[in-house]
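**Q** Mind looking at a prediction? Sequence and model below.
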Amino acid sequence: MTTRTKLGVAGTAGWLVLAFLLALHKRDTWPELTINEWGDFFAGVVAPVAFLWLILGYLQQGEEVRSNTDTLRQQQQALERQVEETAAVARHAGEQVKVAADRLELERQQFERVRARDKARIQPVFTFTNGMSAGPATWDLHFKNSGGMARHLTMIVVDPPCEVRFSSPDVEPDGEGFITVSQITRYPTMLTIGYIDQDNDEGRMRLECREAGMFRNAPGPA
């Protein structure tokens with residue numbers, strides 16, 4: 001019970017006691033009172049009490065409103081702090097995601113470089129050794145494979161068109177073979193050769209016949 005309520009109870013009790021003593025003092029006049037006079041008497045007794053409690057209730061309601069307002073303000077502040085903390089967590093998470101993505105991209109690039117380096121080690125490399133005439137406008141271009149295994153040799157592109165044959169469709173590492181070319185109409189002539197490497201992946205190489213009876217490895221993508 002609050003202090004205000006206690007004061008209200010004490011004031012009400014005191015007023016009722018005072019009214020009772022007053023009524024007791026005038027008890028000789030009770031038989032002469034009419035109903036309206038009795039009504040006025042009780043109204044006079046109850047009205048101050050009702051007014052007292054109305055004032056106390058108004059004050060109590062004001063305190064509750066202020067308390068609720070303070071509570072709402074505190075909740076709003078708590079929500080604002082929570083929003084700020086959530087935003088900070090989100091920013092931190094975003095930074096971590098970016099760092100992780102950058103690290104992953106760096107690792108992917110490193111992996112691709114290592115893979116490309118390893119892949120390059122196993123690719124066949126045909127190195128020209130000598131050329132021998134095999135008939136009119138026909139040459140056997142001898143080579144040594146200084147790279148990895150080459151299987152299923154095929155001609156992809158011949159520019160300008162001419163006849164090309166392989167001594168064998170498969171060439172082992174450090175193996176030798178020859179390419180027979182005939183009916184070359186002009187030089188240089190570009191030969192794009194397809195093959196299957198030791199990983200069973202398809203690959204290509206470009207050879208350039210710059211003059212009769214010889215070739216060299218052509219730069220650039222096949």
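**A** Looks like it came in fine.

**Q** Tell me the predicted confidence for the residue most central in space within the chain.
**A** Nearest residue to the geometric centre of the chain (Cα atoms, centre = their mean): residue 97, 6.6 Å. Note for residue 97: predicted pLDDT of 91.

**Q** and it, what element?
**A** Assigned by DSSP states H and E, residue 97 falls within helix 35-121.

**Q** Remind me what that helix packs against, helices and strands.
**A** Using 3 or more Cβ pairs under 8 Å, 6 or more residues apart in numbering; DSSP states H and E, the elements in contact with helix 35-121 are helix 3-25. Glycine gets a C-beta too; all of them are placed from N, C-alpha and C.

**Q** what's in contact with the helix it packs on?
**A** Under the criterion Cβ atoms under 8 Å, 6 or more residues apart in numbering, residues 41, 44, 45, 48, 49, 52, 53, 56, 59, 60 lie in contact with helix 3-25.

**Q** chain center to that helix, what's the gap?
**A** Taking Cα atoms, centre = their mean, to the nearest Å, one finds the center of helix 3-25 at 73 Å from the center of the full chain.

**Q** Lowest average confidence across helices and strands of the chain, where is it?
**A** Here the helix or strand of the chain ranked lowest by mean pLDDT, DSSP states H and E is helix 3-25, holding a mean of 72.

**Q** Could you check the angle that helix makes with helix 35-121?
**A** Helix 3-25 runs at 170 degrees relative to helix 35-121, counting by axes from the mean of the first three to the mean of the last three Cα atoms, to 10 degrees.

**Q** low-scoring pLDDT stretches of the protein, where are they?
**A** 1, 4, 19, 23, 25-30, 32-33, 37, 40, 43, 220-222 (pLDDT under 70).

**Q** Domain parsing of the protein, as residue ranges.
**A** 1-121, 124-217 (automatic domain parsing).

**Q** Buried deepest among those, which one?
**A** domain 124-217 (a mean of 16; mean count of other Cβ atoms under 10 Å).

**Q** Now do it: distance to the chain's middle.
**A** 50 Å.

**Q** Can you check the distance spanned by it, start to finish?
**A** 11 Å (Cα to Cα, to the nearest Å).

**Q** circling back to that earlier point, check which element follows the helix holding residue 97 along the chain.
**A** strand 126-135.

**Q** Can you tell me the strand partners of that next one and which way each runs?
**A** Counting by DSSP bridges, the strands paired with strand 126-135 are strand 138-145 (antiparallel).

**Q** outside of the partner strand, which residues touch it?
**A** 124-134, 167, 171-183, 209, 212-215.

**Q** How about residues contacting the helix or strand harbouring residue 157?
**A** Secondary structure from DSSP H and E places residue 157 in strand 151-159. If you take Cβ under 8 Å, 6+ apart as the criterion, strand 151-159 is touched by 164, 166, 168-171, 189-197, 204.

**Q** And the helix or strand following it, what does it pack against?
**A** Where DSSP H and E defines the elements, the next helix or strand beyond strand 151-159 is strand 163-166. Under the contact criterion of 3+ Cβ pairs under 8 Å, 6+ apart, strand 163-166 touches strand 151-159, strand 176-182.

**Q** if we look at strand 163-166, which residues are touching it?
**A** By Cβ under 8 Å, 6+ apart, the residues outside strand 163-166 that reach it are 153, 155, 158, 177, 179, 180, 181, 182, 183, 191.
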